[in-house]
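1. Provided below for reference: sequence and predicted model.
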Amino acid sequence: MSRLRIGVIVGSASRTSINRKLAQALVKLAQDRADFEFIDLDHLPMYNRDDDADYPAVFQALKDKVRTQDGILFVTPEQNRSIPALLKNALDAASRPYGSSAWAGIPAAVIGTAGGGPATSMAQQHLRNILAYLDMPTMGQPEGFIRWHDELIDAEGNVGAASHDFLKGYMDRFVAWVERLRKA
């Protein structure tokens with residue numbers, strides 16, 4: 001089979017996003033095993049069901065990109081104990097019109113970082129519920145509730161020594177998950 005293609009979706013558009021920094025460092029841990037492509041969401045308009053009859057080209061482009069991926073890595077911040085509106089909007093837009101979801105059957109993983117003790121656990125749980133509905137088989141273990149600290153990602157954008165083994169193992173498991181479940 002061909003080399004794996006894995007989309008990376010970060011639920012933040014912030015230029016200083018710690019979740020984007022985490023995502024970039026995670027990709028470095030597995031770039032020898034797969035090709036990773038960041039799928040940007042910040043240019044998407046808000047999804048509106050009224051547009052289903054004349055589906056916007058920008059949403060179709062998102063769906064087309066998603067469909068080329070063998071797996072999706074979601075790296076989400078937590079906002080008010082849930083996922084950011086940016087991420088929810090993209091999930092909704094690429095699942096519509098009803099019956100034409102781009103997400104169905106694509107293996108996924110969920111991870112995220114925040115400064116507080118529970119990290120992004122609530123957002124990840126909400127995201128897992130949405131992904132279950134969208135028919136995306138989502139890796140259950142290991143979970144990635146990563147507490148942000150200054151040594152998590154070094155100045156070169158690499159995972160720091162204290163977290164390296166866990167996050168390398170996480171990415172190894174995710175790549176194996178995608179290899180096992182990718183669509184033929």
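-> The structure has been received and is ready for your questions.
2. Now residue 173: which helix or strand?
-> helix 161-181 (DSSP states H and E).
3. residues in contact with that helix?
-> Identification of contacts with helix 161-181 by CB atoms under 8 Å, 6 or more residues apart in numbering yields 4, 6, 25-26, 29-30, 33-34, 70-71, 73, 107, 109, 111, 137, 139, 141-142, 144, 146, 151-152, 159. All C-beta spots, glycine's among them, are computed from the backbone N, C-alpha and C.
4. tell me the SS of residue 73?
-> Secondary structure, DSSP: H, G, I helix; E, B strand; the rest coil: residue 73 is strand.
5. ok, how many other residues are close to it?
-> 30 (other CB atoms under 10 Å).
6. Now do the SS call for the residue lying farthest from the centre of the chain.
-> Distance from the centre of the chain peaks at residue 53, with 28.1 Å (CA atoms, centre = their mean). Secondary structure, three-state DSSP: residue 53 is helix.
7. Any figure for the gap between residue 73 and residue 107?
-> 10 Å (CB to CB, to the nearest Å).
8. again, but for residue 65
-> From residue 65 to residue 107 the distance is 16 Å (CB to CB).
9. Just the strands from this structure, written as ranges.
-> 4-10, 34-38, 71-75, 108-114, 144-147 (DSSP state E).
10. Please identify the deepest-packed of those strands.
-> Greatest average neighbour count among the strands of the chain goes to strand 71-75 (a mean of 27), per mean count of other CB atoms under 10 Å.
11. export that one as CSV, just CAs?
-> The C-alpha atoms that make up strand 71-75 are tabulated as CSV, following Å, rounded to 0.1, in the frame of the first residue of the first chain:
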residue,chain,number,x,y,z
GLY,A,71,-6.6,9.3,9.1
ILE,A,72,-7.2,12.5,11.0
LEU,A,73,-5.4,13.8,14.1
PHE,A,74,-7.5,16.3,16.0
VAL,A,75,-5.6,18.6,18.4
